[in-house]
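S.K.: Sequence and computational prediction follow.
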Amino acid sequence: MKIDIIIVYIQRYQKGHELHFVPPLTGIHLAALTPAKHQVRVIHQQVEPVNLDTDADVVVLSFFSGFAPEAYRLAKAYRQRGKMTIAGGPHVTFAPEEALRFVDAVVIGEGESVWAQIFEDIEQNQLQLRYVGESLPLTEIPTPRYDLLPSKYMVRRVVQATRGCPFSCSFCTVPMLNPGFRTRPIEAVLNDIRYNDFPHWWQRKLVWFWDDNLTANRPYIKELLRQMIPLKKWWLTQASMDITQDEELLDLMRDSGCIGVFFGIESFGTESLIDAGKRQNKVAEYQSKIKKLHDRGIGVMAGFISGLDGDTPDSIRDTANQLEEIGVDVPFLSVLTPFKGTRAYAKMEDQGRLIPGLGWEFYNGYNVAFQPAKMMPQELLNAHRELWRLAFSITMVVRRLFRSLFTLRLGAFMLCGIMNLFYSLKVLRHNEPICFNGTDNYATIRDTIAGPI
């Protein structure tokens with residue numbers, strides 16, 4: 001059987017994405033789980049075209065909410081060509097009935113426990129409509145199929161050591177998608193890290209942990225980092241700011257080659273942090289906590305969300321200067337997106353704040369799909385775009401690079417430089433995130449889905 005696994009994508013910038021940093025783990029993970037007797041391909045729509053006239057027998061579509069309209073467009077085209085279609089991913093888990101209007105079967109939740117069964121059922125002509133995955137221990141997860149990755153990604157070794165997160169942010173689907181907190185055997189993780197069949201030195205050097213909160217289990221992560229020291233890699237991850245309270249952990253991160261940590265800081269406003277479910281974040285401590293990473297040469301990437309209930313246009317614009325004051329090396333700026341399955345979605349649905357008639361393409365982190373508490377939707381969009389331009393202005397980027405030259409180790413400085421220059425180039429080229437206006441190519445798809453989406 002020939003199987004195409006497509007990681008669906010909709011362009012999010014007006015003039016394209018000039019550089020592609022890291023691929024999603026999903027496709028190459030599912031490929032590794034696919035029984036060896038089948039032929040599998042992985043297509044990342046972000047960087048390579050999708051072939052509607054593929055010779056595959058089965059097409060698997062994995063997608064987030066913001067890419068659902070494109071997934072449904074592809075599913076319709078493949079079914080017209082006689083292909084069997086299966087859909088999975090975060091959006092399908094929370095909207096299975098909607099997805100079943102376009103595909104032959106859906107996978108709800110984590111797919112490991114049902115993946116092999118799906119293809120057995122296909123061979124026996126007994127495909128079910130729904131497959132509900134269990135959240136299993138991570139003991140049997142194989143090394144991803146790195147050999148199936150396209151060459152366009154800067155980082156190619158994506159690794160998962162843990163799954164889940166002990167926190168429950170209002171805008172995050174992880175607590176329901178990946179309940180609990182689980183760890184893989186350390187030797188299995190090290191095997192992934194040792195994989196070196198990549199064409200470029202930086203791809204052999206870099207490890208990008210695809211974890212929601214890698215450091216949540218302190219004994220586990222400390223042992224993993226001790227065993228990573230001899231491998232001499234550079235690595236990045238996502239974690240919570242409470243790691244700064246553990247000096248031993250910070251030293252192990254430095255010694256094992258950490259060059260960057262992503263924190264979900266989200267806001268400088270107390271009311272907005274409460275709305276986000278981020279009570280553990282203390283604004284007065286941001287600068288001192290970031291300094292602890294800088295003291296070890298580690299760069300800090302930080303996520304900020306515009307549109308939380310305490311936000312105003314002025315507070316959003318002021319974020320640019322506050323980012324500089326606390327020492328963030330690479331800001332990631334997004335608009336609050338109330339994804340299905342989150343507390344944010346449930347709250348806004350109950351309060352009638354979801355804007356009716358919008359397609360899922362608006363739920364992509366760059367557009368406004370809801371009525372903000374203290375401004376109009378267009379005011380939020382305008383303020384966020386202005387923040388984006390200010391944060392990646394030449395002045396701000398030069399300041400960051402000059403500071404990082406004296407505070408960060410080589411790998412972290414390179415990371416900071418590449419990411420900042422990349423986004424600064426977008427600002428100079430006026431290459432802003434796409435603002436959908438209702439006249440996009442997905443209007444027909446939207447009309448086939450009942451209810452506000």
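M.R.: Good, I have the coordinates.
S.K.: Next, find the distance separating residue 317 from residue 373.
M.R.: Distance of residue 317 to residue 373, computed by C-beta to C-beta, to the nearest Å: 17 Å. Every C-beta, even on glycine, is put in place using the N, C-alpha and C of the backbone.
S.K.: what residues go with each domain of this protein?
M.R.: According to automatic domain parsing, the chain comprises the domains 2-132, 154-428.
S.K.: The ones you listed: which one's closest to residue 144?
M.R.: domain 2-132 (4.0 Å; C-beta to C-beta).
S.K.: what separates the closest one from the chain centre, distance-wise?
M.R.: Here the centre of domain 2-132 is set off from its chain's centre by 17 Å, with C-alpha atoms, centre = their mean, to the nearest Å.
S.K.: Quick one: residues in contact with the longest helix out of those in the chain.
M.R.: Using DSSP state H to define each element, the chain has its longest helix at helix 410-428. With C-beta atoms under 8 Å, 6 or more residues apart in numbering as the contact definition, helix 410-428 has outside contacts at 13, 18-19, 21, 154, 205, 234, 236, 257, 259-260, 297-299, 301, 329-330, 388-389, 392-394, 397, 400-401, 404-405, 408, 431-432.
S.K.: Of these, which belong to strands?
M.R.: With strands defined by DSSP state E, the entries of the contacts of helix 410-428 inside them are 234, 236, 259, 260, 299, 301, 330.
S.K.: and which of the residues you listed is nearest residue 132?
M.R.: Among these, and counting by C-beta to C-beta, the member closest to residue 132 is residue 236, at 32.9 Å.
S.K.: Residue 418 - how many residues pack around it?
M.R.: 13 (other C-beta atoms under 10 Å).
S.K.: Then residue 248?
M.R.: If we define neighbours as other C-beta under 10 Å, then residue 248 has 10 of them.
S.K.: now it: how far from residue 316?
M.R.: Taken as C-beta to C-beta, the span from residue 248 to residue 316 is 38 Å.
S.K.: and what of residue 12?
M.R.: Counting by C-beta to C-beta - residue 12 and residue 316 are separated by 19 Å.
S.K.: Between those two, point out the one with more neighbours.
M.R.: residue 316 (29 against 17).
S.K.: pLDDT score assigned to the more buried one?
M.R.: Per-residue pLDDT puts residue 316 at 97.
S.K.: in a helix, that's where it is, yeah?
M.R.: Yes - according to DSSP: H, G, I helix; E, B strand; the rest coil, residue 316 belongs to a helix.
S.K.: can you list the weak-confidence ranges in the protein?
M.R.: 437-453 (pLDDT under 70).
S.K.: residue farthest from the centroid of it?
M.R.: When distances are taken from the C-alpha mean of the chain, residue 124 lies farthest, 35.7 Å away, according to C-alpha atoms, centre = their mean.
S.K.: For it, which residues are in contact?
M.R.: Taking C-beta under 8 Å, 6+ apart as the definition, residue 124 has no contacts.
S.K.: Tell me how far it lies from residue 114.
M.R.: Distance from residue 124 to residue 114, by C-beta to C-beta: 15 Å.
S.K.: ok so, going back, dump the domains of the chain to JSON lines, plus distance to residue 140.
M.R.: As requested, those are exported to JSON lines (distance: least, C-beta to C-beta, whole Å):
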{"stretch": "domain 2-132", "distance to residue 140": "8"}
{"stretch": "domain 154-428", "distance to residue 140": "9"}
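S.K.: how about those, which one is nearest residue 148?
M.R.: Of those, nearest to residue 148 by C-beta to C-beta is domain 2-132, at 4.5 Å.
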